[in-house]
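J.: only the shape, not the letters, is given here:
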């Protein structure tokens, strides 16, 4: 059966008008609910580069104190923010000609003092994220200014810049 275009238009109008109500003016009986669906989120700042100035490969070398910040944290009520770190590779990349360099697991860090949270000491891994800190439940922000990374002693075979990239993860618990 073929439906005429006018009948389709009338059907569309009747479907759209299902909420239509006749009111006597003036009227304040009609309401509209507004909803804002907010995703969990935070503004974060992490060090772009952590430098180890290695002057003696036979001893551990500490980085300068690093700052990690999460602000404007918006989570589901009662949740906390966990901050973790994972190496993107199992080993540093050695400079040209180098064959021996550091493993990701040669990098560790202290249990830094986080405002509104607790720092956790850890060792970098390329296999999994390792916790750096967890905020208190419902914390609006957290900052640590004393996160220090340590590069373990290792007899490498080339001077120059050895590099490794790591990825931060911020997640709600």
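T.: Arrived safely, thanks for sending. This structure is a prediction, so every number in the text was calculated from the model and none was measured.
J.: helix, strand or coil for residue 105?
T.: The three-state label for residue 105, taken from DSSP: H, G, I helix; E, B strand; the rest coil, comes out as helix.
J.: for residue 135, give the beta-bridge partners.
T.: The partner list for residue 135 in beta bridges (DSSP bridges) reads residue 117.
J.: do I have it right that it meets residue 144?
T.: No - counting by C-beta atoms under 8 Å, residue 135 sits too far from residue 144 to count as a contact (10.9 Å). Placement of C-beta: from N, CA and C, glycine included.
J.: any shared contact partners between those two?
T.: Counting by C-beta atoms under 8 Å, 6 or more residues apart in numbering, the common neighbours of residue 135 and residue 144 are residue 114.
J.: ok, the two, which is more surrounded?
T.: Of the pair residue 135 and residue 144, residue 135 is the one with more neighbours under other C-beta atoms under 10 Å, namely 26 against 22.
J.: next, work out how far apart that one and residue 47 are.
T.: The span separating residue 135 from residue 47 equals 19 Å under the rule C-beta to C-beta, to the nearest Å.
J.: got any ranges where this protein has weak pLDDT?
T.: Counting by pLDDT under 70, the ranges of the chain that qualify are 1-18.
J.: rerun that using 50 as the cut-off
T.: Confidence mapping of the chain against pLDDT under 50 gives the ranges 6-17.
J.: so which residues of it form helices?
T.: With DSSP state H applied, the chain shows helices at 5-16, listed in chain order.
J.: in the longest strand belonging to it, what counts as buried?
T.: Counting residues, the longest strand in the chain under DSSP state E turns out to be strand 66-74. Within strand 66-74, the residues that count as buried by 16 or more other C-beta atoms under 10 Å are 66, 68-70, 73.
J.: what do you get for stretch 100-116?
T.: 101-110, 112, 114, 116.
J.: can I get those in JSON lines including distance to residue 83?
T.: As requested, those are arranged in JSON lines below (distance: C-beta to C-beta, whole Å):
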{"residue": "101", "distance to residue 83": "27"}
{"residue": "102", "distance to residue 83": "23"}
{"residue": "103", "distance to residue 83": "23"}
{"residue": "104", "distance to residue 83": "18"}
{"residue": "105", "distance to residue 83": "19"}
{"residue": "106", "distance to residue 83": "21"}
{"residue": "107", "distance to residue 83": "16"}
{"residue": "108", "distance to residue 83": "16"}
{"residue": "109", "distance to residue 83": "11"}
{"residue": "110", "distance to residue 83": "14"}
{"residue": "112", "distance to residue 83": "10"}
{"residue": "114", "distance to residue 83": "8"}
{"residue": "116", "distance to residue 83": "12"}
